[in-house]
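# What follows is a protein structure lacking sequence information:
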């Protein structure tokens, strides 16, 4: 992928939505919830402070993260659905 986010932005590949419930009921496409978890696939250099210094981001490529339901902007690159958002829109990093 030839896409690099700027400053404090990250690119996330959302997790695939659930196809069935825990009870085995198949969820139709119109009723599927938008995922709020994904994997960071690219990060910017960091946030530029008022004094011109760059603060590096806390997340890194490969991190599994939780974010808001309507956070970020949806983009399509090479047929992949991705999200681009500021690091501040990420709520947590999921530990393994």
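Sure, I can see it. What you see is a predicted model, and the numbers here were worked out from it, not measured in a lab.
# how far does the helix or strand of the chain with the lowest mean pLDDT sit from the chain's center?
One helix or strand of the chain scores below all others by mean pLDDT, DSSP states H and E: strand 47-48, with a mean of 85. Between the centre of strand 47-48 and the centre of its chain there are 19 Å (Cα atoms, centre = their mean, to the nearest Å).
# Show me what the helix or strand that it is followed by pairs with in its sheet, parallel or antiparallel.
Sequence-wise, the next helix or strand beyond strand 47-48 is strand 54-55, with elements assigned using DSSP states H and E. Strands adjacent to strand 54-55 in the sheet, as given by DSSP bridges, are strand 47-48 (antiparallel).
# Secondary structure element for the spatially most central residue of the chain, which one?
Centroid-nearest residue in the chain: residue 12, 3.0 Å away (criterion: Cα atoms, centre = their mean). Element membership for residue 12 (DSSP H and E) is strand 9-14.
# Buried by neighbour count: which residues of the following helix or strand past that strand qualify?
Following strand 9-14 in sequence order, the next helix or strand is strand 37-43 (DSSP H and E). Buried residues in strand 37-43, counted by 16 or more other Cβ atoms under 10 Å: 38, 40-43. Any C-beta I mention is one placed from the backbone N, CA and C, and that applies to glycine too.
# Residues contacting strand 37-43, please?
1, 3-5, 10-15, 57, 59-67, 82-83, 94 (Cβ atoms under 8 Å, 6 or more residues apart in numbering).
# and what of stretch 70-89?
Counting by Cβ under 8 Å, 6+ apart, 1, 3, 5, 8-14, 34, 38, 41, 47, 57-59, 67-68, 90 sit against stretch 70-89.
# The residue nearest to the centre of the chain - nearest residue in space that isn't next to it in sequence?
Using Cβ to Cβ, 6 or more residues apart in numbering and skipping residues adjacent in sequence, the residue nearest residue 12 is residue 38, 4.2 Å away.
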